[in-house]
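[1] All I have is the shape, not the residue letters:
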């Protein structure tokens with residue numbers, strides 16, 4: 001049986017990914033995991049890599065989604081983004097035509113750099129969820 005909290009989180013991530021694509025971003029990966037944690041969404045906006053943390057709350061909840069990112073969580077996201085860049089960027093860069101195909105090797109970072117975004121999703125009692133994309137806030 002699915003935990004209601006897990007179901008809400010999955011719903012928020014689906015809404016966030018859909019909104020990013022509608023805004024013109026290319027989603028490279030969702031729910032990338034390693035020993036240190038998880039990145040919800042990794043996307044490309046032009047030549048900038050956007051590592052997106054999705055926080056979902058109910059409209060009736062006490063805390064706003066953006067309040068859930070503590071300094072410790074922000075630091076973990078920075079470490080995870082650096083690890084993703086080392087491990088996965090060469091593969092995606094080759095797939096996107098930025099380098100010859102072959103085994104992953106050190107690749108220059110995206111020309112536009114890397115930023116960490118927060119996607120705040122608030123599930124409402126009626127109507128569509130409210131989605132706020134806060135760029136580079138972490």
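    Done, it's in. Everything numeric here is computed off the predicted structure, so don't read it as measured data.
[2] Show me where this structure has its helices.
    With DSSP state H as the criterion, the chain has helices at 4-22, 71-95.
[3] can you list these in CSV and add mean neighbour count and distance to residue 58?
    Every C-beta, even on glycine, is put in place using the N, C-alpha and C of the backbone. Shown next, in CSV, are the helices of the chain (neighbours: other CB atoms under 10 Å; distance: least, CB to CB, whole Å):
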stretch, mean neighbour count, distance to residue 58
helix 4-22, 15, 7
helix 71-95, 16, 20
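[4] Switch these over to a markdown table; also include mean pLDDT.
    Listed next are these as a markdown table, based on pLDDT from 0 to 100:
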| stretch | mean pLDDT |
| --- | --- |
| helix 4-22 | 93 |
| helix 71-95 | 94 |
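[5] Kindly reformat those as a markdown table and extend each row with distance to residue 46.
    Below are the helices of the chain laid out as a markdown table (distance: least, CB to CB, whole Å):
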| stretch | distance to residue 46 |
| --- | --- |
| helix 4-22 | 13 |
| helix 71-95 | 14 |
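[6] what's the burial count for the residue nearest to residue 96 when sequence neighbours are not counted?
    In space, and not counting its chain neighbours, residue 96 is closest to residue 44: 7.6 Å by CB to CB, 6 or more residues apart in numbering. By other CB atoms under 10 Å, 19 other residues sit near residue 44.
[7] partners of residue 44 in the sheet?
    Beta-bridge pairing for residue 44 (DSSP bridges): residue 26, residue 49.
[8] For it, give me its contacts.
    Residue 44 makes contacts with 25, 26, 28, 50, 92, 96, 110, as judged by CB atoms under 8 Å, 6 or more residues apart in numbering.
[9] ok, it to residue 57 distance?
    27 Å (CB to CB, to the nearest Å).
[10] Residue 32 contacts residue 83, doesn't it?
    No. When contacts are counted by CB atoms under 8 Å, residue 32 is not listed as touching residue 83 (9.4 Å).
[11] picking that back up, neighbour-wise, which of the contacts of residue 44 leads?
    Highest neighbour count within the contacts of residue 44, by other CB under 10 Å: residue 50, with 26 neighbours.
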